[in-house]
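S.K.: Here's my sequence, what's the structure:
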Amino acid sequence: MGVGIGLGCAEFPFSGAAAFWRWVDMCEAGGVDSIWQSDRIVGRQPFLESMTTMAALAGRTRRIRFGMNVVSLTFRDPVLLAKQCATVDMLSEGRLLPAFGIGSPLAPEWEALGIDTKTRGRKTDECLDIIRSLWREESVDFSGTFYQLKGVTITPKPVQPDLPMWIGGSTDAAIRRTARIGTGWQAAGDPPAEAGRIVAAIKVAAREAGRSIDEDHYGAGFAFYFGSRDAPGVGRAMDAYAKRTGRDAKHAFAIGDADAILARIAEYVDAGISKFILRPLGSDDDALLAQTRLLIEQVLPRAETRWPRRPKTDGK
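M.R.: Have a look, this model is predicted:
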């Protein structure tokens, strides 16, 4: 099982656009598998909007793939989102990795957008069906509880003949959703043992649905830092994570050297995960770039040797 290591941002950690593009260029040149953007719309912390970022990455890069981790479907119109994804995939010549989720019930977007959280699961399922149909079919009719379409067409279609549809979340509903329609699954902060349980459950549910998901299409992520937990901002980030999620922060952070980061990757690989979104920690632009360079130079070559990539197929 080949391992692909991508890098991602949650909140925007850079001082501005120039530093962000330096980081993107480093990832592109350094052999990073993919770049991922977390999805937030409102809030006091700085976040880039996911779909706008996908379009910008399509124009800036030539090799690297990119995705959103993950877009909350009920915050967006499914027809517009399907069109945006198809457009970005076409202009990037097939490098988009769409990933979709239900959204946290605690997110401030529900109130800001006037959306009832009780409908989020059913709306998400309808959105997924609409998006997949618009990508594949010439004319789409849809009659649901929340969305009605008659003879709707989007062109151009995505370049990828079967544009991937990664699903995020760890609930029973997310497992069923992935098994029914997903081409991959992205963990939501789950530790290795829990991620392994979910992967196994998805495989069972997919078989029951008469489907299968590629063994290489299960993902997870964590933050990393070359150095000590006592470094500026590292302990604070771990404490903030524990407070926000109620989870032990140890599994969500790999702190130390290349061996520590590779050991954490190996824990997930043993659980059936092969795709990773790693987030560099740093107190300023230079620190973030230095952390990324260390990952490129010290982790990526060893990961490739230990878990060589197989030739790419559709998906990721």
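S.K.: Which of the helices or strands spans residue 156?
M.R.: For residue 156, there is no enclosing helix or strand under DSSP states H and E.
S.K.: That one: how many residues sit nearby?
M.R.: Neighbourhood size, residue 156 [other CB atoms under 10 Å]: 11. (Glycine included, C-beta is placed from N, CA and C.)
S.K.: Contacts only, for the residue lying closest to it once chain neighbours are set aside.
M.R.: Of all residues not flanking residue 156 in the chain, residue 90 sits nearest, at 5.1 Å (CB to CB, 6 or more residues apart in numbering). Each residue near residue 90 by CB atoms under 8 Å, 6 or more residues apart in numbering is listed here: 156-159.
S.K.: What residues sit buried inside stretch 214-231?
M.R.: Along stretch 214-231, these residues count as buried under the neighbour rule (16 or more other CB atoms under 10 Å): 216-227.
S.K.: Quick check: residue 13 vs residue 286, distance?
M.R.: Distance of residue 13 to residue 286, computed by CB to CB, to the nearest Å: 12 Å.
S.K.: neighbour-wise, which of these two wins?
M.R.: Neighbour totals were compared for residue 13 and residue 286, and residue 13 leads with 20 against 12 (other CB under 10 Å).
S.K.: could you list every residue that touches that one?
M.R.: 282, 288.
S.K.: what's the closest non-adjacent residue to residue 72?
M.R.: Spatially, and ignoring its direct neighbours in sequence, residue 72 is nearest to residue 103 (3.3 Å; CB to CB, 6+ apart).
S.K.: Run a quick neighbour tally on that neighbour.
M.R.: Counted with other CB under 10 Å, residues neighbouring residue 103 total 23.
S.K.: Can I take it that it is in a helix?
M.R.: No - if the criterion is DSSP: H, G, I helix; E, B strand; the rest coil, then residue 103 is coil and not within a helix.
S.K.: Going along the chain, name the helices of the stretch 51-200 of the chain.
M.R.: Secondary structure of the stretch 51-200 of the chain (DSSP state H, counting those that start in this stretch): helices at 78-91, 109-113, 120-136, 172-181, 192-208.
S.K.: what about the residue nearest to residue 156, distance to residue 71?
M.R.: For residue 90, the distance to residue 71 (CB to CB) stands at 18 Å.
S.K.: what do you get for residue 290?
M.R.: Applying CB to CB, the value for residue 290 to residue 71 is 30 Å.
S.K.: Compare those two (neighbour count), which wins?
M.R.: Neighbours per residue, other CB under 10 Å: of residue 290 and residue 71, the larger number sits with residue 71, 25 against 15.
S.K.: so what's that one bridging to?
M.R.: With DSSP bridges as the criterion, residue 71 is bridged to residue 100.
S.K.: Next up, the contacts around it.
M.R.: Residue 71 makes contact with 39, 50-51, 81, 98-101, according to CB under 8 Å, 6+ apart.
S.K.: Same check on residue 129?
M.R.: Going by CB under 8 Å, 6+ apart, residue 129 touches 142, 144, 181.
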